[in-house]
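> Have a look; sequence and predicted model below, questions after that.
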Amino acid sequence: MRKILSKVGLVVALLIMVVSLGACSSTSGSKRDVLKDDKQSNTITWGVKADTKLFGLMDVKDNQIKGFEVDLAKAMTKEILGKKGKARFIQVTSQTRMPLLANGNIDAIMATMTITPQRAEQVDFSRSYFDAGQAILVKDGSPIKNVRDLNRKGAVVLGVVGSNSVQNIKKFAPKARVLQLSDYSQALTALKSGQGDALTTDNGILYGMSIENPGYSVVGGTFTKEPYGIATAKGQRPFHNAINHALTKVENSGEYNKLIYKWFHNVKGFDMKGAER
Amino acid sequence: MLTVLGAYSWVNIKFLLEGAWVTILVSVCSIVLSYIFGVILGVTRYVQIKYLSAIVGFVIDIIRNLPLILIIFFTYFGLPHLGFKPDPIWASVIAMAVFEAAMVAEIVRAGIASIPTGQMEGARANGLSYWQALWYIVLPQAIRNMIPAIVSQFISLVKDTSLATIIVLPDLMNHAQIIYGQNTNYTIPMFLALAVMYFIVCYSLSLFSKYLEKRIGGGNKKGKADEVVQDASDA
Amino acid sequence: MISIFQNYGGELLTGLGQTLLCSIIALIFALIIGSAFAIMETMPNKFARVVARVYIEVFRNIPLLVITMFFYVVIPMYIVKISGFASGTVGLTLYSSAFIAETVRSGIQSVDPGQMEGARSTGLSYWQSMRYIILPQAFRYVIPPLGNQFINLVKNSSVLAFVAGFDLMYQANVIASDSLQSMSTYMCVGVLYLILTLPLSYYMRHLEKKLA
């Protein structure tokens, strides 16, 4: 008898949890005005990567994240809040960035995030601030020369949970087995340990990896277009517009090209002229 | 050989120590919180207050039987729905405190139950109320018996903080992963450092537990009571 | 929440299967290894006791994640390639064996020393006494805590998520990101874990009362 009551109580408890959490998710985030709050606190909180060379990488020496996206975010913060505006950075992974934005932990995502229709249903994207393309990274001397070589039984591709690269690779190499690691640092380590034949993500990120790891190269060119966008929560029109305006201003002032040069001018195979605005 | 020694450069060691500091910070906060709440919950469970004990019992059972990683996710992604917006450090503290409190509660309940009922009867016979008997006679003895199990649980807590790297907690594990992620040659040195550092902290805690046992514990000779209590812990 | 079960039923089932497989394999081997070390700890031979003590202390004081990552990252780099599932299972086995060793040891030591004396005095050797008299009694004390260890094993198998082991927790992460519905996914997975662990937990409690 007690056992039956236990089970009934369990089901009731679970139902209460489900209902209350369901109610919560529909109302979260919409009451806040991000732009107003940020102007008041003089701080914009950005979600950035900390495991990606060139875009956002943790510098062990001073515990600071450094990269193109970090610099771009700082420049845009100054445009939105003025010269004294502060940019605060929260480390995100492809897996944690969307929930953190939805919860209001961060105001905007600038973390090598590709604009896709599926994501656009859940967040608002600025116009693209970087045009990447998906590619693959392999160990030098590997027989894999392009993504089509991966489309055979027994091939193992490494990716990161939450990146749209893993969804795309299933279209281009459906026979390959895809392993999703928790972030790029883990995925690269797995590649170096031989856990997979190739690592797939955006070419910019892969170039960063090949710079740090001379025995590995990007092969086969890009097989998709990956325009990066800054994501803001739905229902934040003023902030979303401010972001787009700031991006335009940064491009027009030449600051954007300066940053592109700073970070990408010695990256082999990178199309500098094409990236400048 | 030289590159391997480079793994232990001052810059890297400092970075590791910063991670270790976060590990210790999260552990200590969680230990304190989970101990307080664990004892409260454990007593509630034991005392059999009509509906409260049953509900508390369910919640404890559910939390105890879920993987810690899942609870960490629930806390980090779910808590904001309730209005709090914890950063990875506080989310980890809360998640671990909740999980460990449930574990401690079970240890406490088993510990109190293992005290011979004669103690309670004797106390009541001397005129003490139920709660007075519990607080002054039974509970102190129970806690003495529970010390090895509770400290063992806390050692698990320190080790389990490593799981929070999934939400980018900048702890010892995370910092070591960053270092060897950026330089493959440093992989083995980093794992060695990880093993040594965690071992030092955890083994010291277990030695502390043995010391506590000698000083405070005892009274009961080792027997069924201790086993029952020990069973409830250890992960 | 129902939509998660509908759309990702296959992945969740795979995850459930891998979790169970990992837990069962780890339990069997951890039992064998743990019992071996427990016996070593109680042997008269000092060297054996020291070796056992070192093994147990090492694996009890290092996080499971560190051990697993060692097998996933370091071993494949220098020795032999190990898959995510294998490294998680091996790590889990070694980690759990240390705890099981302690449990079995206290079981052995709970058996009244008179039993050993009696056995030896009737002419049985040390090993014969252990095998026919002591160990069978020890295991009676050891079953409930072993049940708890199995529940811990199932929970700890979630470490496979860190090494792409295709277990339930790994699937949770993949599905949460694919469907963009974190909370619903994690709740579904929570329910699935509870289906595995809760009945066992209640059964263990029931057993404890019976054997007490």
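All right, it came through fine. Residues are numbered from 1 along each chain as shown, chains lettered A, B, ... in the order given.

> hey, let's count contacts and neighbours off CA atoms from now on
Noted.

> Is it correct that residue A:73 falls within a strand?
No: assigned with DSSP: H, G, I helix; E, B strand; the rest coil, residue A:73 falls outside any strand and is helix.

> wait, what's in contact with it?
A:46, A:87, A:110 (CA atoms under 8 Å, 6 or more residues apart in numbering or on different chains).

> what about residue B:157, how many neighbours?
23 (other CA atoms under 10 Å in any protein chain shown).

> Secondary structure class of it, three-state.
Applying three-state DSSP: residue B:157 is helix.

> Tell me the spacing between it and residue A:99.
Residue B:157 is 26 Å from residue A:99, where distance means CA to CA, to the nearest Å.

> Tell me how many other residues crowd residue B:39.
Neighbour tally, residue B:39, other CA under 10 Å: 21.

> What of residue A:60?
For residue A:60, using other CA under 10 Å, the count is 17.

> got the phi/psi numbers for it?
phi -60, psi -30 (degrees, to the nearest 10).

> what does the stretch 101-250 of chain A have sitting close to chain C?
A:161, A:162, A:179, A:180, A:181, A:182, A:189, A:190, A:192, A:193, A:194, A:195 (CA under 8 Å from any CA of the partner chain).

> can I assume the second one sits in a helix?
No: judged by three-state DSSP, residue A:162 forms no part of a helix; its state is coil.

> Next up, the contacts around it.
A:94, A:95, C:174, C:177, C:178.

> Against residue A:165, how distant is the last one?
I take that to be residue C:178. 11 Å.

> what about these two, which has more around it?
residue A:165 (23 against 19).

> Now do the contacts for that one.
A:134, A:159, A:200, A:201, A:202.

> Kindly present these as TSV, with separate columns for pLDDT, secondary structure and neighbour count.
Shown next, in TSV, are the contacts of residue A:165 (pLDDT from 0 to 100; DSSP: H, G, I helix; E, B strand; the rest coil; neighbours: other CA atoms under 10 Å in any protein chain shown):
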residue	pLDDT	secondary structure	neighbour count
A:134	94	strand	22
A:159	95	strand	30
A:200	95	strand	28
A:201	94	strand	27
A:202	93	strand	28
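
> now for those, which pair is the farthest apart?
A:134 and A:159 (11.4 Å; CA to CA).

> so what's in contact with those two at the same time?
Joint contacts of residue A:134 and residue A:159 (CA under 8 Å, 6+ apart) are A:165, A:200, A:201.

> Which residue comes closest to the most centrally placed residue in chain B once chain neighbours are left out?
Nearest to the geometric centre of chain B sits residue B:154, at 3.4 Å (CA atoms, centre = their mean). Nearest residue to residue B:154 in three dimensions, chain neighbours excluded: residue B:31, at 6.5 Å (CA to CA, 6 or more residues apart in numbering or on different chains).

> Quick one: classify that neighbour as helix, strand or coil.
helix.

> can you check the one 10 residues further on too?
Each residue gets one of three states, and residue B:41 gets helix by three-state DSSP.

> check contacts around it.
Contacts of residue B:41 (CA under 8 Å, 6+ apart): B:56, B:101, B:102, B:105.

> Am I right that the last one is in a helix?
Yes: read with three-state DSSP, residue B:105 is one of the residues of a helix.

> Need the nearest residue in space to it, chain neighbours excluded.
Nearest non-adjacent residue to residue B:105 (CA to CA, 6+ apart): residue B:42, at 3.9 Å.

> ok, that neighbour touching residue B:113?
No: counting by CA atoms under 8 Å, residue B:113 is not a contact partner of residue B:42; they are 10.5 Å apart.

> okay, these two: which has more neighbours?
The neighbour count for residue B:42 versus residue B:113, taken as other CA under 10 Å, is higher for residue B:42 (26 against 17).

> To what extent is residue A:82 buried, counted in neighbours?
13.

> Report whether residue A:142 is found in a strand, as I expect.
No: Residue A:142 is assigned coil when assessed by three-state DSSP, not a strand.

> any idea how far residue B:99 is from it?
Residue A:142 is 46 Å from residue B:99, by CA to CA.

> These two - which one has more neighbours?
residue B:99 (26 against 11).

> Can I get the helix or strand of chain C with the lowest mean pLDDT in CSV, CA atoms only?
None of the helices or strands of chain C scores lower by mean pLDDT, DSSP states H and E than helix C:126-129, at a mean of 81. C-alpha atoms of helix C:126-129 as CSV (Å, rounded to 0.1, in the frame of the first residue of the first chain):
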residue,chain,number,x,y,z
TYR,C,126,43.6,-20.0,5.0
TRP,C,127,42.3,-20.0,1.4
GLN,C,128,39.8,-22.9,2.0
SER,C,129,38.5,-21.1,5.1
